[in-house]
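1. A predicted structure for the sequence below; I have some questions about it.
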Amino acid sequence: MLAASAGVDTLELSSAISKLAWRYSGEPSTVFDLRTVTLRLVDYQLREIAERIGAGERAVLALTSIGENPASAPLARGADCVIVCAAPGKTPLKSVQAAIQQVGRDRVIGSLLVERAAEGSRAR
């Protein structure tokens, strides 16, 4: 889950997708909260994710927008697929297009509208 603009909450949505994946497939699923990871730790995190996947788990990444955290771009490009999250009426279309361009159109499988929420609030 990659936020297209600042303030879009991806953690709660990532958790919900992870739970659905586990229920649907019966295979363990893990959420990686990478919203504040630094560029220096990108390679380490990608190795950690690969190890979990190699052990039979599914991984769902929660990422902030690339404008908020430049590490989100290489992390999203390292994923098998990306869902771009936008806030209805608040995220400019140009931000969504820029996010898609920066991670690669071939990686993006769709987008979701997420209510802009403060930390700890519920996303819808």
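-> In hand now; what should we look at?

2. downstream neighbour of the host helix or strand of residue 73 in the secondary structure list?
-> Using DSSP states H and E, residue 73 sits in helix 72-77. Counting by DSSP H and E, the next helix or strand C-terminal to helix 72-77 is strand 82-86.

3. Check which residues of that next one are buried.
-> Within strand 82-86, the residues that qualify as buried by neighbour count (16 or more other Cβ atoms under 10 Å) are 82, 83, 84, 85, 86. No exception for glycine: its C-beta is placed from N, CA and C like everyone else's.

4. Same list (those) but as TSV, adding distance to residue 43.
-> Formatted as TSV, the buried residues of strand 82-86 follow (distance: Cβ to Cβ, whole Å):
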residue	distance to residue 43
82	19
83	23
84	23
85	25
86	28
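
5. Make CSV out of those and add pLDDT.
-> Shown next, in CSV, are the buried residues of strand 82-86 (pLDDT from 0 to 100):
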residue, pLDDT
82, 97
83, 97
84, 98
85, 97
86, 96
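
6. from those, which is closest to residue 100?
-> The nearest member of those to residue 100, counting by Cβ to Cβ, is residue 84 at 6.2 Å.

7. Next up, the contacts around the closest one.
-> Contacts for residue 84 (Cβ atoms under 8 Å, 6 or more residues apart in numbering) come out as 2, 4, 96, 99, 100, 108, 110, 111, 112.

8. Sort out which one of these lies nearest residue 34 for me.
-> Closest to residue 34 out of the contacts of residue 84 is residue 2 (10.2 Å), distances taken as Cβ to Cβ.
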